[in-house]
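Trainee: Make a model of this:
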Amino acid sequence: MPQPATRLASVPPYLFAEIDRKKREVIARGVDVISLGIGDPDQPTPRFVIDAMHRAIENPANHQYPDYEGSLAFRQAACQFYARRFGPRFDPATEALALIGSKEGLAHIIWAYVDPGDVVLVPDPGYPVYRTHTRLAGGTPHLLPLRAENGFLPDLDAVPEEVARKAKLLFLNYPNNPTGAVATADFYQKAVNFARKYDILIVSDNAYSEMTYDGYVAPSIFAAEGAREVAVEFWSLSKPFNMTGWRIGFVVGNAAAISALGVIKTNTDSGQFTAVQEAAIAALTSPEAEAFIAEMNETYRRRRDMAVAGLRAIGLDASPMKGSFYLWVPVPAGHTSASFATLLLEQAGVVVTPGSAYGEHGEGYIRISLCVPEERLQEALERMRRFVAV
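Mentor: Here you go, the predicted structure:
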């Protein structure tokens, strides 16, 4: 057999695959494991979306190849949603593209722009796809530390001039995974000004925009003046509509960037199943959608408050986040991220994600996902209280 491409040597094992492997090892020992490790909603997809899928899948016209760019009806629904939710209006023909989940699009936008030696500005800690595909494409990730003292926002003023001039892309993700931090319209304006100065494309990953609490409403990058010149924004139905397995999302923004991404996609995939797109249209346009999202957010808020109280009771410095469904929790003195996550798994049968898996500036934290029923979350907190001395 030939050897795999040398580029694979730069890719560590995918974070969540490793978590699953370790979890299986502990389960094999007979442990009842509670996973707080992966951001996969535990509640079902709403009935109005499932009913739309039932109707769509019965239509023989949907059984053929889909449109490469996504159906015009889906792109129209996506643009109408964006105008209703965030304000700006996009042309569904040239400024929107359907995705097989936003992860796919985030990876492919890198291949559309990054040549070997190009620089990509990557938040650290951050979603691993940004960094991994930059390396696969032969680019160089320049890490933007996300620190608590700066609200887990990147300090763009600290980017060296020579780095900024070489950069092709700037990844932003707010509400943030893994920290749960949020961004303001003022921050987005500063990012857009930075991108315009250095001719950089902003890739805004807005997957958690609808998951917010305590009166906070997440803005879009397009709240900033001039954003249409330098930005695209990715949006996913996975989290707000409990549709992670459906693999459907979209991107809107700068027409030239959408076209470049489309070149990669049309030469790589054949689009998402049209019936899934029709179900997604129901999610984006149904009068029931707003109430559904509000109900889910109330569920996550209760879980957040329960988890923060329980973690503080055992001595962990947990703070309530305003966005996403994650808690970003400092580990106790004497532990690394990995050692504390291992302790929780082996002693308490509780899976959490070590912050170091999201980058070197994630060291010293664990990420806790709130995607478990409240009784299981309470059980996990009780086990941590009993078995883990902090």
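
Trainee: Doesn't Ile366 belong to a helix?
Mentor: No: counting by DSSP: H, G, I helix; E, B strand; the rest coil, Ile366 is not part of a helix but strand.

Trainee: From Pro178, how far off is the closest residue to it other than its chain neighbours?
Mentor: Spatial nearest neighbour of Ile366, excluding adjacent residues (C-beta to C-beta, 6 or more residues apart in numbering): Val352 at 4.5 Å. Backbone N, C-alpha and C define where each C-beta goes, glycine included. To Pro178, Val352 is 11 Å away according to C-beta to C-beta, to the nearest Å.

Trainee: Give the intersection of the neighbour lists for these two.
Mentor: When contacts are counted by C-beta atoms under 8 Å, 6 or more residues apart in numbering, Val352 and Pro178 have Arg367 as shared neighbours.

Trainee: about what we covered before: the residue nearest to Ile366: how many residues sit nearby?
Mentor: Using other C-beta atoms under 10 Å as the criterion, Val352 is surrounded by 27 other residues.

Trainee: I figured it hits Leu36, correct?
Mentor: Yes: between Val352 and Leu36 there is a contact under C-beta atoms under 8 Å: 5.3 Å.

Trainee: Identify the contacts common to the two.
Mentor: In terms of C-beta under 8 Å, 6+ apart, Val352 and Leu36 are both contacted by the residues Ile368.

Trainee: which secondary structure elements does the helix or strand containing Arg196 contact?
Mentor: Arg196 belongs to helix 185-198 when elements are defined using DSSP states H and E. Applying 3 or more C-beta pairs under 8 Å, 6 or more residues apart in numbering; DSSP states H and E, we find helix 185-198 packed against helix 161-166, strand 167-172, strand 201-205, helix 227-230.

Trainee: Same list, these, but as a markdown table with mean neighbour count, mean pLDDT and distance to Gly215 please.
Mentor: Formatted as a markdown table, those follow (neighbours: other C-beta atoms under 10 Å; pLDDT from 0 to 100; distance: least, C-beta to C-beta, whole Å):
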| stretch | mean neighbour count | mean pLDDT | distance to Gly215 |
| --- | --- | --- | --- |
| helix 161-166 | 13 | 98 | 35 |
| strand 167-172 | 24 | 98 | 22 |
| strand 201-205 | 26 | 98 | 22 |
| helix 227-230 | 20 | 98 | 24 |
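
Trainee: and those as CSV, adding distance to Arg301?
Mentor: Below are the helices and strands packed on helix 185-198 laid out as CSV (distance: least, C-beta to C-beta, whole Å):
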stretch, distance to Arg301
helix 161-166, 39
strand 167-172, 25
strand 201-205, 23
helix 227-230, 30
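
Trainee: Of those, which is nearest Lys103?
Mentor: Among these, strand 201-205 comes nearest to Lys103, with 9.5 Å by C-beta to C-beta.

Trainee: Direction included, what does that closest one pair against?
Mentor: Note on strand 201-205: by DSSP bridges, its sheet partners are strand 167-172 (parallel), strand 231-236 (parallel).

Trainee: could those be laid out in CSV, adding distance to Gly262?
Mentor: Shown next, in CSV, are those (distance: least, C-beta to C-beta, whole Å):
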stretch, distance to Gly262
strand 167-172, 17
strand 231-236, 12
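
Trainee: closest to Lys22 out of the ones you listed?
Mentor: Among the strands paired with strand 201-205, strand 231-236 sits nearest to Lys22 (C-beta to C-beta), with 26.5 Å.
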